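Q: sharing a sequence plus its predicted fold:
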Amino acid sequence: MQSSRARALSPTGGALFVLLAAVLWGTTGTAAAFAPSAGPIAIGAAAMGIGGLLQAAVAVPQLRASAGILRSRVPLLAVGAIAVAIYPLAFYAGMHFAGVAVGTVVALAAGPVCAAVLERVYDGARLDARWLVSAGFGALGMLLLTLDGGGSARDHAPLGILLALLAGLSYAVYTWAARRLMAAGVGSRAAMGGLFGVGGLLLVPVLVVTGAPFIEDSQNLAVGAYMALVPMFLGYLFFGAGLRSVTARAATSLTLAEPAVAALLAWWLLGERLGVLGFAGLAAILVCLVGLTLPRR
C-alpha cells in the first residue's frame, strides 16, 4: 500500500513533500534554543540518535534484503556512520556559538562544497568554473560572517563557524557514503537506514552521559522529543517520499527553504540580529547555494 501511494505521488506533490521536510529542518535551531539547559551536545545526540534509530527501524525489511552488500562494505558504512554521529554534535554546537541563522547557513553552504571536493578526489568528478565561482562566494560569505560585529552569540562566532564547517563536512561525508552504497546496489532506504542506525547507536553513549537535563526538566524533554520525531524522523521520511517523484537537483534547490526558515524564526522568536557585514555574508552564501543547485543546461 505504501509503495503504491509513493508511485501515485505527482511531481507537484513530491515537491511539496521535499519543501515540507526543508521547513521542518529549518525549525531545529530555534527549537534547540528553548532547551538551553540541555546543551547543544545533548540536543544533537537526542535528535540524531533517536531519529537515526527510528530510521533504521522503519527500514528493517530493506536492511535484511541488502545485508550481504552492506557486510561487504563495512569500512564505507563505518565512515558514513561516524560522520552521521559527528554531524548533529557539530551542527548544534555551531548554532549555539554563532547563532541559529549563521550556523545553519554556513553548514548548508559547506556541505555541497565539501561533497564536490570528495567526489573530485575519490570519484574523479570535474569541478567546473561555476562551481569554483560559487565556492568562492561561499568562502567570502563565511569570512564576512566571521568579521561581523553585530548579532547575538558573536563573542564565539569564529568557533561556531568552524563547528558549522565541520558539520557541513560530516554531512558531505555521509551523503557521499550513502551514494557509494546505493551505487553498489543497496536500496536508498536501506543505505540511509544503515548509516543513520549505526550513527544513532554511536550517539547513544553521548546521550546517556549528557542526557540528564531531559529527565530533570519537562521542557527539555519536549524539545528533545520534538527534534527526534519531527525534523529528524518525519522530515527525512517526507524527503525520501518526495525524492521518488522529483529530481535530486530539484530537491536540493527546494531545501534552500531551510536556511530561510531558520533565519526567519531566529529573527522573530530569538531576537537574533546581524550587522552590515553579516547580511553581506548571508547574501554571498545564498549566491553560493543557488549557484551550486541551479540546473545546468
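A: Perfect, thanks for sending it. Numbering: from 1, shown residues only.
Q: can I get stretch 125-138 in CSV? Just the C-alpha atoms.
A: Provided in CSV are the C-alpha atoms of stretch 125-138 (Å, rounded to 0.1, in the frame of the first residue of the first chain):
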residue,chain,number,x,y,z
ALA,A,125,34.3,14.3,-10.9
ARG,A,126,35.2,17.6,-12.6
LEU,A,127,34.9,20.9,-10.8
ASP,A,128,33.8,23.4,-13.4
ALA,A,129,34.1,27.2,-13.4
ARG,A,130,30.6,27.7,-12.0
TRP,A,131,31.5,25.5,-9.0
LEU,A,132,34.7,27.5,-8.4
VAL,A,133,32.8,30.8,-8.5
SER,A,134,30.1,29.5,-6.2
ALA,A,135,32.6,28.1,-3.8
GLY,A,136,34.4,31.5,-3.8
PHE,A,137,31.2,33.3,-2.9
GLY,A,138,30.7,30.7,-0.1
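Q: just list what the lengthiest helix in the chain packs against, helices and strands only.
A: Counting residues, the longest helix in the chain under DSSP state H turns out to be helix 157-183. Counting contacts by 3 or more CB pairs under 8 Å, 6 or more residues apart in numbering; DSSP states H and E, helix 157-183 is packed against helix 74-98, helix 100-123, helix 129-147, helix 188-210. Where C-beta positions appear, they are placed from N, C-alpha and C, glycine not excepted.
Q: hmm, 10 Å instead?
A: helix 40-58, helix 74-98, helix 100-123, helix 129-147, helix 188-210 (3 or more CB pairs under 10 Å, 6 or more residues apart in numbering; DSSP states H and E).
Q: would you turn those helices into a markdown table with mean pLDDT?
A: Below are these laid out as a markdown table (pLDDT from 0 to 100):
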| stretch | mean pLDDT |
| --- | --- |
| helix 40-58 | 93 |
| helix 74-98 | 93 |
| helix 100-123 | 81 |
| helix 129-147 | 81 |
| helix 188-210 | 92 |
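Q: pretty sure residue 256 sits against residue 289.
A: Yes - because the distance of 5.7 Å satisfies CB atoms under 10 Å, residue 256 is recorded as touching residue 289.
Q: between those two, who's got more neighbours?
A: Neighbour totals were compared for residue 256 and residue 289, and residue 289 leads with 24 against 16 (other CB atoms under 10 Å).
Q: now the helix or strand hosting residue 264: buried residues?
A: Per DSSP states H and E, residue 264 falls inside helix 257-269. Of all the residues in helix 257-269, those buried under the rule 16 or more other CB atoms under 10 Å are 257, 258, 259, 260, 261, 262, 263, 265, 266.
Q: so what's the third one up against?
A: Under the criterion of CB atoms under 10 Å, 6 or more residues apart in numbering, the contact list for residue 259 reads 22, 25-26, 29, 100-109, 282, 285-286, 289.
Q: tell me who's in contact with residue 229.
A: So residue 229 contacts 47, 50, 51, 54, 235 (CB under 10 Å, 6+ apart).
Q: check the chain and tell me which residue is nearest its centre.
A: Taking CA atoms, centre = their mean, the centroid of the chain lies closest to residue 171, which sits 6.2 Å from it.
Q: give me the distance between that residue and residue 129.
A: 25 Å (CB to CB, to the nearest Å).
Q: if we can go back for a sec, how about the helices and strands packed on helix 157-183 in a markdown table, adding mean neighbour count and distance to residue 221?
A: Compiled in a markdown table, the helices and strands packed on helix 157-183 are given as follows (neighbours: other CB atoms under 10 Å; distance: least, CB to CB, whole Å):
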| stretch | mean neighbour count | distance to residue 221 |
| --- | --- | --- |
| helix 40-58 | 25 | 9 |
| helix 74-98 | 23 | 17 |
| helix 100-123 | 23 | 21 |
| helix 129-147 | 18 | 33 |
| helix 188-210 | 22 | 12 |
